[in-house]
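Engineer: Give me a model of this one.
(one chain, ligands or ions: 1)
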Amino acid sequence: MIARMLRTPFLSLSKFQVPLVSLPVLLGSHGRCGTQVIENNRDPTGISSNKISVYGFRMFFTATAKDLSAKKCVPCNTKDLRAMTEETASKLIPKVDGWNLANEGGTLKLKRSWKVKSFTKGLEMFQLISDIAEAEGHHPDLHLVGWNNVTVEIWTHAVGGLTENDFILAAKINTLDLHHLLRKKVSA
Ligand SMILES: C[C@H](O)[C@H](O)[C@H]1CNC2=NC(N)=NC(=O)C2=N1
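Structural biologist: Down below sits the predicted model:
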């Protein structure tokens, strides 16, 4: 039970975190607890959040436990898709370990670099990333320079900045097992 609760997304009611699984318990599991169906909302940057009204009180919550890598990118030509602010991007960047926020002439991008074992291992890495990008319909900019330096940049070209798609792609890339392609870290 505890393990199940830890896995469930949390309902963050302002500063309190209530495991969603306890919601029926909290509100009476007889089913007539007054909760209405959660509407699945996306804000203009694609960040999905949910609204739940309990006994008529509207509470907004974003499933903080929801793993970005489990989400799906939306088509970049989605109507009203907008670039997010640097403030929003800064709140999301901790969710994508190893990635940095870059501001290139006003265009926000996600950036991460690796040292690969060889030029061909770099191309192998590109292929692994390409498979994810093609499945998501959202694509990174791939750089392989000085034969073994890989840099991946991710941004939403259609809006000239960052949307949740970019963080989803970065999170999915982070799930790849790349250790056989990467040069061993030289101990200091
Ligand atoms: C219609 C489809 O969403 C577009 O062609 C996609 C393809 N891949 C993309 N990838 C990125 N990073 N930005 C885009 O705007 C984009 N557009």
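Engineer: quick one: buried residues of the lengthiest helix in the chain?
Structural biologist: Taking DSSP state H as the criterion, the chain has its longest helix at helix 119-136. Residues of helix 119-136 classed as buried by neighbour count (16 or more other C-beta atoms under 10 Å): 121-122, 124-126, 129, 132-133, 136. To be clear about C-beta, it is placed using only N, CA and C from the backbone, and glycine gets the same treatment.
Engineer: before we move on, what about stretch 101-114?
Structural biologist: By neighbour count on 16+ other C-beta under 10 Å, the buried set for stretch 101-114 is 108-112, 114.
Engineer: Tabulate the residues you listed (TSV), appending pLDDT and distance to Asp97.
Structural biologist: Shown next, in TSV, are these (pLDDT from 0 to 100; distance: C-beta to C-beta, whole Å):
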residue	pLDDT	distance to Asp97
Leu108	98	18
Lys109	98	17
Leu110	98	12
Lys111	98	14
Arg112	98	9
Trp114	98	13
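Engineer: could you give the mean pLDDT of stretch 92-104?
Structural biologist: Mean per-residue pLDDT for stretch 92-104: 96.
Engineer: returning to what we had before: make JSON lines from the buried residues of stretch 101-114 and add distance to Glu86 to it.
Structural biologist: Formatted as JSON lines, these follow (distance: C-beta to C-beta, whole Å):
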{"residue": "Leu108", "distance to Glu86": "6"}
{"residue": "Lys109", "distance to Glu86": "11"}
{"residue": "Leu110", "distance to Glu86": "12"}
{"residue": "Lys111", "distance to Glu86": "14"}
{"residue": "Arg112", "distance to Glu86": "18"}
{"residue": "Trp114", "distance to Glu86": "25"}
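Engineer: tell me the two of those that are most distant?
Structural biologist: The distance between the two most remote of the buried residues of stretch 101-114 (C-beta to C-beta) is 21.2 Å, for Leu108 and Trp114.
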